[in-house]
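**Q** Kindly generate the corresponding structure for this input.
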Amino acid sequence: MEANHPHRGIQLFSQYSSEFVLYHPGNDCSKWTLFYVSGGMIEQVKQWFLPVATVVIDTTSGRHRIIRKKRFTIGYGTVNTWNLDTQKPPSQLVSFRLTKTGLEVEPTDPDDTLLLDGKPWTTDILEIGMEYTLQIRDEQFLLCVSDKPKAWLESIHLDKWLVFEPASGEIFGPLDKLQLEPWLIAQRKDPNDLIYYPEGSSKGFHVSQIIDMELPAPVTQSELLQHPLKDHKPYSPAKPQETAQESRCPHCWSPFLAGDLLTIATHETLRGDPLLGSDEMLRFEADAFNDQGVPLDATGTPCLEQACPQCRLKVPHGMSDISQAFISILGSPGAGKSYYLSVLTDELQKKAFNNWGFNWKDADPTANAPLNSMRHRLFSAQFAAEACLAKTSLDGHLYSKVKLNGRPTQLPRPFTYILEGGDHQSQSLTFYDNAGEHFQPGSDGTANPVTHHLAHAHLWCFLFDPSKDATFRKHLKSSKDPQLSRRYPTENQELLLAELENRIRVLHQLPPLGKLNTPLAFILGKMDMIEDWDPITQQKDPWNGRHFNSLVVEENSRILREGLLERIPALVARAESISEKVVYFASTSFGHSPRRIKTGELSPIPKKIKPKGVEVPVFWWLSSWSTVFNNQRQQAWQSS
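**A** Numbers count the residues shown, from 1 in each chain. Below you'll find the predicted structure:
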């Protein structure tokens with residue numbers, strides 16, 4: 001066999017069962033050195049000089065090949081690089097060519113249908129480092145072009161197959177192929193809606209492509225009545241909105257219809273509102289309009305802004321026409337929530353456009369000014385002192401003071417943005433940043449409902465701080481990260497989740513038992529300080545080009561959960577006792593350890609800021625739960 005390395009003048013060849021390496025340095029072709037290689041060194045030398053290999057797994061037989069040739073074929077008979085079956089008539093099924101840009105693949109017979117990641121092949125080029133599924137005739141393969149082929153191969157467990165349901169995000173199994181069909185019939189699942197994949201892989205096959213079966217007969221009403229109904233859940237914030245016109249105020253979360261909104265006066269002589277104070281413009285019910293239908297105030301001046309009829313605070317324009325989502329970020333004091341939120345909105349804006357083609361719009365620049373200012377400070381800084389963000393205070397510019405039901409009340413300031421796509425696909429996202437102390441027991445009440453957004457959230461993001469956990473700190477004794485100094489004591493972060501559950505049950509008058517149906521993103525923050533921990537090293541990127549792969553998220557979550565169970569079992573148990581759907585994520589807002597500046601505070605080094613995984617929980621929610629992003633959810637499992 002022969003294989004050339006164009007940059008180092010290497011040629012591997014074999015003669016009479018011996019292996020040799022012929023080498024010349026650089027471009028000097030007059031100087032060659034011949035090395036004899038034997039035994040276990042052969043594969044090692046190939047790894048040095050041929051760093052990229054194509055790994056192909058035949059999922060039906062369980063066999064695999066690590067192929068290092070630039071051109072190869074798979075099929076029946078000795079005419080192929082990999083002969084799948086000598087008993088079948090000789091033929092080449094698929095031919096491959098490895099180039100600098102990736103792996104080219106095409107069916108040898110144009111009449112054969114080749115499915116790549118479940119879709120008909122269309123001259124695709126497979127990216128290096130990505131996983132793919134191939135199906136042709138009765139053959140099914142997992143494939144990856146990798147510089148660490150053996151490591152990837154060992155990560156795939158063909159003895160443990162799972163079923164993924166994209167619509168619900170649930171994973172079932174393990175189920176082998178003999179168990180699959182009886183399970184489908186018993187569960188009344190549609191095989192067209194399910195993905196079948198081996199543990200460790202980020203790709204799978206449609207169950208309908210694995211087995212050939214008839215769908216179970218529809219369930220009749222009489223059959224349904226034979227089984228007891230599940231407990232009714234009165235609390236369901238994640239459900240689709242009841243009507244296109246009904247919305248919730250992002251400040252006080254009161255429901256309203258578009259026609260109920262108050263108008264905010266424009267003329268300066270109308271400054272002063274009886275409930276908001278002398279600094280705010282008057283709120284009123286409009287009864288006069290100009291020719292364009294714009295409300296007029298008492299001076300005849302057009303008024304373009306509207307306010308909530310309950311708290312009288314300004315509502316972003318057009319919110320009643322857009323699907324809303326409230327995202328609550330909670331964590332202990334010093335967990336990095338403000339940094340996380342600043343980096344999160346920056347990453348969402350970039351990846352929403354670059355990967356999904358969605359525009360990121362500022363729904364209310366005035367209300368969003370504090371967060372936009374934090375983003376600007378963080379990403380425009382040249383030195384660590386300039387990038388330092390002030391700790392979120394218990395009051396101040398991040399809160400609004402209003403009168404609700406006749407009493408002074410403090411509400412958190414919402415930060416609302418809009419993801420705008422084609423075909424009327426638009427979703428508003430409202431984020432809340434609270435001081436960590438507000439999540440402590442007893443800090444929230446009727447006059448201070450600053451965390452009541454938790455009860456209306458569509459997604460909870462719990463930011464777990466490993467630097468404040470005693471168990472994690474024991475494993476980081478050798479670390480020089482300043483966040484592990486004695487002045488940053490450990491905390492019982494389990495109390496935050498207990499308080500979260502208690503507040504929601506009280507606000508919605510729910511019984512103390514049972515789980516809530518709002519998804520919980522358990523985010524292991526500051527992962528840069530534990531980057532050598534096995535569950536972190538095994539995390540895979542859910543982004544494959546423009547596609548977001550929810551299957552990778554679920555597998556990452558499983559791996560991370562197993563690691564967290566060993567270190568913080570009580571916290572994992574608490575999280576999973578609260579929500580029906582808990583997914584575990586790892587992220588870092590900085591990508592490095594912060595530096596202590598002259599004021600004694602910790603701050604990131606601007607040139608070293610490399611966030612990782614920060615945006616994944618929100619994109620997971622959008623692709624798996626948002627009613628607006630159905631098309632993205634259907635594509636979430638694949639990355640063609």
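**Q** Could you use CA atoms for every contact and neighbour count after this?
**A** Fine.
**Q** Output the lowest mean pLDDT helix or strand found in the protein.
**A** Every helix and strand of the chain was ranked by mean pLDDT, DSSP states H and E. The lowest is helix 221-224, at a mean of 34.
**Q** Next secondary structure element downstream of it?
**A** The C-terminal neighbour of helix 221-224 among helices and strands, as given by DSSP states H and E, is strand 247-248.
**Q** after that next one comes which helix or strand?
**A** Taking DSSP H and E, what comes next after strand 247-248 is strand 255-256.
**Q** ok, now how distant is Leu495 from Leu330?
**A** Taking Cα to Cα, to the nearest Å as the measure, Leu495 falls 12 Å from Leu330.
**Q** should've said Ser278
**A** 34 Å.
**Q** Please say which of those two ends up with more neighbours.
**A** A side-by-side neighbour count of Ser278 and Leu330, using other Cα atoms under 10 Å, places Leu330 first with 26 against 12.
**Q** Neighbouring strands - and their directions - for the helix or strand harbouring the more buried one?
**A** If you go by DSSP H and E, Leu330 is part of strand 323-331. Using DSSP bridges, strand 323-331 pairs in its sheet with strand 426-433 (parallel), strand 459-464 (parallel).
**Q** for that strand, the distance to its chain's centre please.
**A** 14 Å (Cα atoms, centre = their mean, to the nearest Å).
**Q** Now it: average pLDDT?
**A** Model confidence over strand 323-331, given as mean pLDDT, is 90.
**Q** Tell me the buried residues in the following helix or strand past that strand?
**A** Using DSSP H and E, the helix or strand that follows strand 323-331 in sequence is helix 337-356. Going by neighbour count (16 or more other Cα atoms under 10 Å), the buried part of helix 337-356 is 337-349, 351-353.
**Q** For the helix or strand following helix 337-356, which strands pair with it and how are they oriented?
**A** Using DSSP H and E, the helix or strand that follows helix 337-356 in sequence is strand 359-362. Here strand 359-362 has these sheet partners by DSSP bridges: strand 415-420 (antiparallel).
**Q** and the strand it pairs with, how far from the chain's centre?
**A** Taking the mean of its C-alpha atoms, strand 415-420 sits 17 Å from the chain's own mean (Cα atoms, centre = their mean).
**Q** Could you list the residues in contact with that strand?
**A** 316, 352, 358-364, 367-368, 371, 426-432 (Cα atoms under 8 Å, 6 or more residues apart in numbering).
**Q** picking up where we left off before, taking the buried residues of helix 337-356, tell me the two that lie furthest apart.
**A** Spatial extent of the buried residues of helix 337-356 (Cα to Cα) is set by the pair Lys337 and Phe353 at 24.1 Å.
**Q** domain parsing for this protein?
**A** According to automatic domain parsing, the chain comprises the domains 2-153, 156-215, 247-319, 322-635.
**Q** which residues in the stretch 101-250 of the chain form helices?
**A** 149-155, 177-187, 207-210, 221-224 (DSSP state H, counting those that start in this stretch).
**Q** distance between the third one and the chain's centre?
**A** Computed by Cα atoms, centre = their mean, the chain-centroid distance of helix 207-210 equals 27 Å.
**Q** which one of the buried residues of helix 337-356 is nearest Arg188?
**A** Closest approach to Arg188 among the buried residues of helix 337-356 (Cα to Cα): Ala352, at 35.8 Å.
**Q** what's the pLDDT at the closest one?
**A** In this model, Ala352 carries a pLDDT of 89.
**Q** nearest spatial neighbour of it, skipping sequence neighbours?
**A** Excluding its sequence neighbours, the residue lying closest to Ala352 (Cα to Cα, 6 or more residues apart in numbering) is Phe358, at 5.2 Å.
**Q** Distance-wise, check that neighbour relative to Lys350.
**A** 9 Å.
**Q** One more: Leu126?
**A** 24 Å.
**Q** Just name the most buried of the helices of the stretch 101-250 of the chain.
**A** When you average the neighbours per residue for each of the helices of the stretch 101-250 of the chain (mean count of other Cα atoms under 10 Å), helix 207-210 leads with a mean of 18.
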